[in-house]
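> Here's a sequence, model it:
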Amino acid sequence: MDLMAIIRIAMRALARNKLRSILTMLGIIIGVGAVIAMVSVGQGAQQQAQQQIAAMGSNMLYVSSGTVNRNGMRMGWGATKTLVMEDMDAIKKECPAVRDAAPGSQTTAQVVFGSDNWATNIIGTSPQYFDVRTWPFAEGTSFTQDDVTTAANVAVIGETVRKNLFGATEPVGETININNIPFQVTGVLSMKGTSGGFGQDQDDVILIPITTLQKKITGQDWLRWIMVSAISRQASYAAQEQITAVLRDRHRIRPGEDDDFFVRNLADIAQLADQNAQLFTILLGSIASISLIVGGIGIMNIMLVSVTERTREIGIRMAIGATEGDVQQQFLIEAIVLSLAGGAIGIFSGLAASYLITHTLHWPVLVSPAAIIAAVIFSMAVGIFFGFYPARKAARLDPIEALRYE
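Alright, predicted model coming up:
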């Protein structure tokens with residue numbers, strides 16, 4: 001008997017019990033839909049984490065002042081005052097894997113514009129900071145290197161500061177007061193949102209020339225940190241080693257002694273976030289896959305019932321010339337059709353569930369074609385695996401006994 005004839009017989013057999021066929025497919029529908037929805041949630045979280053880290057800067061390394069031991073007490077990070085502007089110049093000059101760098105120090109202050117005020121972070125840096133952080137402007141421009149040289153009273157503000165201080169007023173060209181010192185706003189940064197892994201509002205910030213901060217606000221002559229951009233993500237690890245070697249040499253740190261600085265590579269944070277998100281995706285997918293297995297067991301149970309109900313039919317088919325292979329193929333195809341039909345409906349259910357999750361819970365969701373293909377293949381495998389035993393049982397029935405079955 002040819003394959004198409006067997007498929008037609010199998011389809012007619014399934015059509016005779018429509019409700020039972022639909023209920024049998026339900027487990028596969030739920031399983032495939034759950035796998036697609038859960039994997040989409042996991043991959044959406046993974047993508048969001050990577051976007052947040054990428055928003056912090058391009059191939060960035062964070063060099064900060066380190067800890068120090070005072071009378072047996074180890075102070076926290078940022079306790080040393082050995083990180084200076086000359087260190088940044090040396091990093092840019094002596095580290096081939098470094099593309100650019102920007103100095104930094106910061107404090108908090110109450111900022112006033114007209115009758116409004118806002119407490120925010122004040123960062124002193126150089127114009128290179130915006131390139132290292134890959135931070136474009138929504139309005140206006142950056143302050144210049146000449147502003148750094150002359151310690152000019154100019155400022156760039158983040159979106160959160162603009163919203164809370166200016167409202168509908170155009171901020172560029174306006175004057176704000178930081179610790180009663182007037183600053184002219186030269187630009188407004190585009191929105192970055194919260195930082196990945198830290199949860200801080202990156203837009204709640206005002207940036208001014210580093211020399212202005214040091215001379216007119218904090219009185220400090222050292223740096224709290226240096227933002228460094230490597231030439232590529234792969235080169236960031238080489239840059240980390242080069243920076244460490246340069247700073248140890250400049251700070252005269254002997255072998256075996258602790259560094260008085262700290263170098264953090266954002267590539268490590270991105271890799272860790274990626275690994276955690278992948279584990280989360282696998283966990284969600286594995287939990288959802290359990291319902292696929294349950295659906296497969298349901299198919300096997302129904303197929304076993306179908307074999308029992310159709311014993312006489314099987315005997316008649318064998319009596320008129322159907323082989324064991326024909327009977328086995330028929331029941332195996334019925335199981336595969338149930339699985340594939342349930343898988344197809346499950347795909348649409350999973351896509352609909354992903355849409356609902358995005359628009360009701362506002363979770364990031366990324367529907368992956370690979371997850372859809374994997375769900376279809378898995379549903380077919382379920383049909384073959386759980387349909388094989390009932391099909392084999394049907395094929396091995398004794399035709400004489402089958403004809404006698406009532």
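
> Just say helix, strand or coil for Trp222.
Following DSSP: H, G, I helix; E, B strand; the rest coil, we place Trp222 in the coil state.

> no, scratch that, I was asking about Thr108
Criterion first, three-state DSSP; result for Thr108: strand.

> Asp259 too?
coil.

> per the record, what domains does the chain have?
What automatic domain parsing lists as the domains of the chain is 3-52+272-404, 81-259.

> Quick one: closest of those domains to Asn59.
With respect to Asn59, and counting by C-beta to C-beta, the nearest of the domains of the chain is domain 81-259 at 4.2 Å. (C-beta placed from N, C-alpha, C; glycine too.)

> mean confidence for that closest one?
For domain 81-259, mean pLDDT rounds to 91.

> thinking again about what came up before, of the domains of the chain, which approaches Met60 most closely?
Closest approach to Met60 among the domains of the chain (C-beta to C-beta): domain 81-259, 5.8 Å.

> Between the two ends of the closest one, how far is it?
Criterion C-alpha to C-alpha, to the nearest Å; first-to-last residue distance in domain 81-259 is 13 Å.

> and if you look at stretch 141-160?
End-to-end distance for stretch 141-160, by C-alpha to C-alpha: 17 Å.

> Give me the distance between it and the centre of its chain.
With C-alpha atoms, centre = their mean, to the nearest Å as the basis, stretch 141-160 stands 34 Å off its chain's centre.

> Check which residues of it are buried.
Neighbour-count burial for stretch 141-160, counted by 16 or more other C-beta atoms under 10 Å, picks out 142-143, 147-148, 151-160.

> Counting only strands, which of those residues make the cut?
154-157 (DSSP state E).

> got CSV for these, with distance to Gln128 too?
Shown next, in CSV, are these (distance: C-beta to C-beta, whole Å):
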residue, distance to Gln128
Val154, 16
Ala155, 17
Val156, 13
Ile157, 19
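
> which of those residues lies closest to Leu361?
Closest approach to Leu361 among those (C-beta to C-beta): Ile157, at 32.7 Å.

> which residues sit in contact with the closest one?
Contacts for Ile157 (C-beta atoms under 8 Å, 6 or more residues apart in numbering) come out as 165, 171, 176, 185, 187-189, 205-207.

> between the ones in strands among the buried residues of stretch 141-160, which is nearest Met227?
Of all these, Met227 sits closest to Val156, with 14.9 Å by C-beta to C-beta.

> what's the next secondary structure element after the top helix by length along the chain?
The residue-count maximum for a helix in the chain (DSSP state H) belongs to helix 266-309. Using DSSP states H and E, the next helix or strand after helix 266-309 towards the C-terminus is helix 311-319.

> other SSEs contacting the next helix or strand after that following helix?
The helix or strand immediately downstream of helix 311-319 is helix 324-356, counting by DSSP H and E. Contact here means 3 or more C-beta pairs under 8 Å, 6 or more residues apart in numbering; DSSP states H and E; on that basis helix 324-356 packs against helix 3-16, helix 18-56, helix 266-309, helix 311-319, helix 369-395.

> Return the most buried member of those.
Ranked by average neighbour count under the criterion mean count of other C-beta atoms under 10 Å, the helices and strands packed on helix 324-356 are headed by helix 18-56 at a mean of 21.

> got the CA coordinates for the helix or strand following it in CSV?
For helix 18-56, the following helix or strand on the C-terminal side (DSSP H and E) is strand 60-65. C-alpha atoms of strand 60-65 as CSV (Å, rounded to 0.1, in the frame of the first residue of the first chain):
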residue,chain,number,x,y,z
MET,A,60,34.7,49.9,28.2
LEU,A,61,36.9,49.4,31.1
TYR,A,62,36.4,51.2,34.5
VAL,A,63,39.6,52.1,36.3
SER,A,64,38.9,53.3,39.8
SER,A,65,41.0,54.4,42.8
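
> Tell me how many other residues crowd the spatially closest residue to Ser232 that is not a sequence neighbour.
Nearest non-adjacent residue to Ser232, counting by C-beta to C-beta, 6 or more residues apart in numbering: Asn59, 6.0 Å away. Counted by other C-beta atoms under 10 Å, the residues lying close to Asn59 total 23.

> what's the answer for Asp87, then?
23.

> Give me the distance from the helix or strand it falls within to the chain's centre.
Secondary structure assigned from DSSP H and E places Asp87 in helix 85-94. Remark: helix 85-94 is offset 34 Å from the chain centroid, using C-alpha atoms, centre = their mean.

> Using a markdown table, please lay out the domains of the chain together with distance to Ser65.
Below are those laid out as a markdown table (distance: least, C-beta to C-beta, whole Å):
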| stretch | distance to Ser65 |
| --- | --- |
| domain 3-52+272-404 | 24 |
| domain 81-259 | 4 |
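
> before we move on, the earlier item: would JSON lines of the helices and strands packed on helix 324-356 with mean pLDDT and distance to Ala235 be doable?
Below are these laid out as JSON lines (pLDDT from 0 to 100; distance: least, C-beta to C-beta, whole Å):
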{"stretch": "helix 3-16", "mean pLDDT": "71", "distance to Ala235": "57"}
{"stretch": "helix 18-56", "mean pLDDT": "76", "distance to Ala235": "16"}
{"stretch": "helix 266-309", "mean pLDDT": "74", "distance to Ala235": "10"}
{"stretch": "helix 311-319", "mean pLDDT": "75", "distance to Ala235": "69"}
{"stretch": "helix 369-395", "mean pLDDT": "78", "distance to Ala235": "30"}
